[in-house]
Structure formats: structure tokens, C-alpha cells
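Student: below: sequence and its predicted model.
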Amino acid sequence: MKTSIATVCLSGTLEEKMRACARAGFDGIEIFEPDLIVSPSSPAEIEALAQRLGLTLDLYQPFRDLEGVTEELFTDNLARLEAKFQLMQELGMDLILVPSNAGTATVDDDQVVADQLRRAAELAAQYNMRIAYEALAWGRFVNTYWHSWQLVEEANHPNLGICLDSFHILSRRDDPSRIPDIPGEKIFFVQLADAPDLGMDLLPWSRHHRVFPGEGSFDTVGFMAHLTDAGYVGPLSLEIFNDVFRETDPGITAADGLRSLRWIQQSARGQLAKQNPQRETLTAMPKIEPVESIDHLEVSTDAPDELGALLGTLGFRFAGQHRRKAAQLFVADDVKIVVSPTASGGTYIASVAVQVADSRDALARAEALGAPQISRPVTADEVRILGVYGPGGMQIFFVDERSAGWPAEFGATTTPASTSDNTVALDHINVPEARDHFGASVLFTLATLRLEPLEAQNVASPRGLVHSQALESPGGGIRWIFNRVPKIYTNRAGEPVRYPGHIALEVNDLEARAQSAIDMGLTVLPVPSNYYADLQARFGLDEATVTRWQSLGMLYDRNDDGEFLHLYTETLGGLFIELVQRNGAYRDYGPGNAAVRLAAQDLHEQQHRLFSN
């Protein structure tokens, strides 16, 4: 389908927004009237710029408070509308958005509203224009899409149709399943938006907290499937009111928006029967099976010796040095971590390599989602691993049978089977993200690897609220958590600098592994005594067990599915390691314990800075 975006989604001038949309690859744009009003360019110059950029001007919006008014006021409204039609002629446009009246409506009479819409459409016909009537979720008398369709149907004019906006429909928990009952040709325009479930009033929710499809809690994919079933073949447009987007580089926002439109079309294809002819109107992406395994992690560090020592205490063995680079490989059972020394920058997860059936298919899918390919020079005797940059800079590589032999470059052979029952496995990874990239990184990762989002959570840190989104593969082989960090943990560019990410390793016997690691020199993050007093009271644990756990720095959680024991190492640069033990079918991450960890890390950091000074 043709892709479009409202200029209100982006920061900058109208001209800057148009250039950003063209660079991102959009087919067209909606002109948001306030953007045109403040532009120094004439309507004719805007049309000429759009032609040079290869953009169509799809919709002029909004024209407010048209219908449901007295006859005297409606006469004035028609004069206003005629002036907009004349302006649209200069722009070379033919479609205007008319939202349902939320401000001046005083006549709650469907016959009057339908008649006024018909008369407006007659005026539009005189200028070869069309009107897309949209039900605002907070419209005074018209606030559902079905009501707006009934009015358009009653008005019965070829120049009048409806606009369907996913936010206005889904925010009211309206049922979109009746969309296929509307003739596709009468759906003149579609605007897509998602939003987190904030439980707030509709208007401020809409004006400040919309996000791109796939980044919120709405079933936008189901909406898209119903829309396709209706036979709609017009533009898919984004209309996002979001305070963060208005402060972000328009090029970044535009690229993220186009990615969401590609993702939602592919996802909707999956919900439609293969024999449904409308399915082919949706733009497809290269398909891969859901990714279930992380092949290896690469950690960049300016403290390679300290990181190597930390891994050693946790059961990793040094497997070899790369034959050409300073990188080193550490292995524990099936977990492989490449340590890449740098002169500065701290310690952080630089890349994640996943196992796929065909790396070329995976690369094509990632590129279809707007990711640039990584170019790493290799020699003739080295393996080329295909990879891309994610929106936040994280590198994702794809390992298949052709590239699975990469460990040989470190002099490593097949990892010997562990002789211990206390094996090590990768449980999950946790990556901090700047607010500018958070939603985009989450959507890109789940769309590229075909992961599934769990319910988002907010965790209180001593310095602000941390928004956390966990993704999991259908089979549970990958657990990937993104954290949107408070401003205090970021630099002036908004990038995380003081909020660490971490690697979580699952073991069979956490107490034994912890004691062994401590005996080898591991320093565990100190946990407040108050936590253990509360732990004993909440779960009715015996004092000896709690005392033993406290001596090892272990934390605990329990639910109906099982138990979760874990501990944290001290932070090295921007990274720490978590050891976990899952008993039963426990799948969570210890709700509540994250806040304890954040407070302990904050106190430890303060004490470390004081000691350093």
C-alpha cells in the first residue's frame, strides 16, 4: 500500500519535514495546516517542492467544527470551507479532513448533520475536491466510526467519504470488526496511531502520547486486517501527536514511522487467509521463522582484564584470541561472549548475534525495516557475518550454517561438554535505550526477529521512572529487555551513560555457583538488610535460608508458576552480570527486585565516587 505521514508527527519546518519524509522513503504526506501557515513558502512552492522530492500531497487537515450547527453558523462554515478549497487548488490537493464537531456543535440531529455534510460535499464537487469525515473520539455528538459512516451513507454524495483513525476507534475500545461492512471506496483515508494504555482522558492522551503502530498497547494489526478486508486500497498514513517526536530529529522519526507501516502490513498479512485476494494489497517483507537462539554476544570494554576476570569467576574459560584483532572469546557451555577492547567508552553490549536458517533472508528483512547493513572488513580466510545497525545503534548479526564456524578465528574448536551438573545458559539480556530510540528499537527488534512483546512495566529508580519492555521468542529461547532510562542517566545527547545494561545467565544451583564465584574473587552487589527482613515476612521463609541468601547477595521471588532466585555482580563500566535460577515454570524477572537493585546500584555508585575522590 502507499505510505503517508502527517507533518504534525515531525519536528522542524514544513520544508525540513518534507525532505525527511522523502529521505525515509514515504510516498506522500498529509499537510497539517499550522505547518503551512507558519511556512515562508507559498502553496505553489510547497507543491513544487513535493514534486521535486517525489511526494504526493495526500490530505489537507484539519477543518474543524463544520457540522451539527445552526444554519447561520453553517453558512459561515461553508465560506471558510470554500476558502480552503481554493487554497488546496494552489497546493494541487483534492482531499480535506473534516473531524466531527467537538467545539461548536449544538444540534444533535442526524438528519441535520447528514444534510450539512451533503451540502459541504456539493461545494467540494464544484472544486473537484473530496471530504473525508472522521469521528473524533471526543466529538460532541459524533464520536464513533460507525456513526460517522451512517451519516456519510445518509448524505449519499460521491465527494463525501469517511476517514478511519485507529486511535479514535481503539482508544474508545470500539469494535473495528464492522469496518469490512463499509464499502472500501467510501473509505477515503486512513490514519494509523498506537498508544500505551495510560488510563487517562482521551484528549490529552491523544495530544501527547500517541506512538507508531506496534509501539503501544492497541491491536493495530487487527485493525489493519479489518481495514484490508474492507477492500481499502488508499494511503496508509501516520498521525502521531507525541511530545518526544516533536523534539527528535525528523529524519529519525520519519525512518521509524515508515518501519512501523511496513511491519503492520506484514503482520496483517499473517492474520488474513492466504486465499483472501485483499491480502496482496499489503506490502510484504522477506519472511523468516521466529528467531529462538542467541549465538553470541559482543561486549565492548575499556577494561578487558577486569571483564575477563569477572567472566572467569562465573565459570567462563578463555577460548582464544582473534587471529587478527584484539578481540577475545570466552565460553561457558553454550554461552559465547566476545570481548572487544577499546581505548575508552566503558563496558556495554555492542552487538547481539542470533542464529537463523538463512542470514541473507534475515538481512533482507532487516533492511526492509530500514536498517543499514554493517560493513566489517574481513580477510579471505575469515567468515563474513551479515549484520545491521538497529535504531539505537545496537548491532545485530545473523549466523547461519555458512558462518557458524566463526569461533575458529579465535583458535576455538567445538566447546567441550560440561562435566558439571551446574551448567550455564543465557537467560536474557537487558539493554538501556534513550527515549528518542526506545519505541523504535523495541519495534525493530521484535519485527526483525519475530519476537513477541510482554506487558510493559514501570520500575521506580532513585532517580526517576524506568519504563521496561520485555520481548520473548515464541519458544522462549530469546528474552530481550529494553529499558527507557530517566534523563539523569543520560548525556546531553540523550544517550544512556550512567544506567547499565546487563547479561543474565541461568544456572541450575545458584547458591553453589555464587559461593564458588565469591571464593574466586567475585564481588556481589550489596543488598540492604531491610530487603531480607521484608522477604522473610512476605514469603514466610525460614531465618536460616534468608540469612544464607543474604550472605551471598541473593534475591528471591515466587508466584503460582514457581520460584526465581538471582543475584547481581558489581557494575563494570556500563555492564553487570546477573545470575538466575528458575524453579518450576517461573517466567518472570522478579518484579519489585529491580527497584531494590537500582537503589543498591545507586548507593554503591555514590560510595564509589566518594571513595575515588
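Tutor: Yep, that arrived.
Student: switch to C-alpha atoms for all contacts and neighbour counts from now on
Tutor: Noted.
Student: is it true that Ala353 touches Asp400?
Tutor: No: using CA atoms under 8 Å, Ala353 makes no contact with Asp400, being 10.2 Å away.
Student: Ala303: neighbour count?
Tutor: Using other CA atoms under 10 Å, Ala303 has 19 neighbouring residues.
Student: show me the contacts for the closest residue to Phe316 other than its chain neighbours.
Tutor: In space, and not counting its chain neighbours, Phe316 is closest to Ala332: 4.5 Å by CA to CA, 6 or more residues apart in numbering. By CA atoms under 8 Å, 6 or more residues apart in numbering, the residues touching Ala332 are Gly315, Phe316, Arg317, Val424, Ala425.
Student: between these, which sits nearest Ala517?
Tutor: Gly315 (7.8 Å; CA to CA).
Student: domain-wise, how is the chain divided?
Tutor: Using automatic domain parsing, the domain parsing of the chain gives 3-281, 294-612.
Student: out of those domains, which gets the lowest mean score?
Tutor: Ranked by mean pLDDT, the domains of the chain bottom out at domain 294-612, which scores a mean of 90.
Student: where along the stretch 351-500 of the chain do the helices fall?
Tutor: Using DSSP state H, counting those that start in this stretch, the helices found in the stretch 351-500 of the chain span residues 359-368, 438-449.
Student: so of those helices, which one's packed in deepest?
Tutor: For the helices of the stretch 351-500 of the chain, average neighbour numbers computed from mean count of other CA atoms under 10 Å are highest in helix 438-449, which has a mean of 24.
Student: give me the contacts around that helix.
Tutor: Contact with helix 438-449 is made by 211, 214-215, 256, 259-260, 263, 290-291, 362, 365-366, 369, 390-392, 433, 451-453, 469, 471, 482-484, as judged by CA under 8 Å, 6+ apart.
Student: so which of these belong to strands?
Tutor: The strands, defined by DSSP state E, take in Glu433, Glu452, Pro453, Gln469, Leu471, Phe482, Asn483, Arg484 from the contacts of helix 438-449.
Student: buried subset of those residues?
Tutor: Neighbour-count burial (16 or more other CA atoms under 10 Å) applied to those gives Glu433, Glu452, Pro453, Gln469, Leu471, Phe482, Asn483, Arg484.
Student: as a quick check, tell me the outermost residue of the chain.
Tutor: Most distant from the centre of the chain: Glu72, at 47.9 Å, with distances by CA atoms, centre = their mean.
Student: can I get the CA coordinates of the helix or strand that residue falls within in PDB?
Tutor: Element membership for Glu72, per DSSP states H and E: helix 71-91. Below are the C-alpha coordinates for helix 71-91, written out as PDB (Å, rounded to 0.1, in the frame of the first residue of the first chain):
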ATOM      1  CA  GLU A  71     -28.000  27.300   9.800                       C
ATOM      2  CA  GLU A  72     -26.400  30.800  10.300                       C
ATOM      3  CA  LEU A  73     -23.200  29.300  11.600                       C
ATOM      4  CA  PHE A  74     -23.100  26.700   8.900                       C
ATOM      5  CA  THR A  75     -23.300  29.300   6.200                       C
ATOM      6  CA  ASP A  76     -20.200  30.900   7.700                       C
ATOM      7  CA  ASN A  77     -18.600  27.500   7.800                       C
ATOM      8  CA  LEU A  78     -19.200  26.900   4.100                       C
ATOM      9  CA  ALA A  79     -17.500  30.200   3.400                       C
ATOM     10  CA  ARG A  80     -14.500  29.000   5.400                       C
ATOM     11  CA  LEU A  81     -14.500  25.700   3.600                       C
ATOM     12  CA  GLU A  82     -14.600  27.300   0.200                       C
ATOM     13  CA  ALA A  83     -11.500  29.300   1.100                       C
ATOM     14  CA  LYS A  84      -9.700  26.100   2.000                       C
ATOM     15  CA  PHE A  85     -10.700  24.500  -1.300                       C
ATOM     16  CA  GLN A  86      -9.200  27.500  -3.100                       C
ATOM     17  CA  LEU A  87      -6.000  27.100  -1.100                       C
ATOM     18  CA  MET A  88      -5.900  23.400  -1.900                       C
ATOM     19  CA  GLN A  89      -6.200  24.100  -5.600                       C
ATOM     20  CA  GLU A  90      -2.900  26.100  -5.300                       C
ATOM     21  CA  LEU A  91      -1.400  23.100  -3.500                       C
END
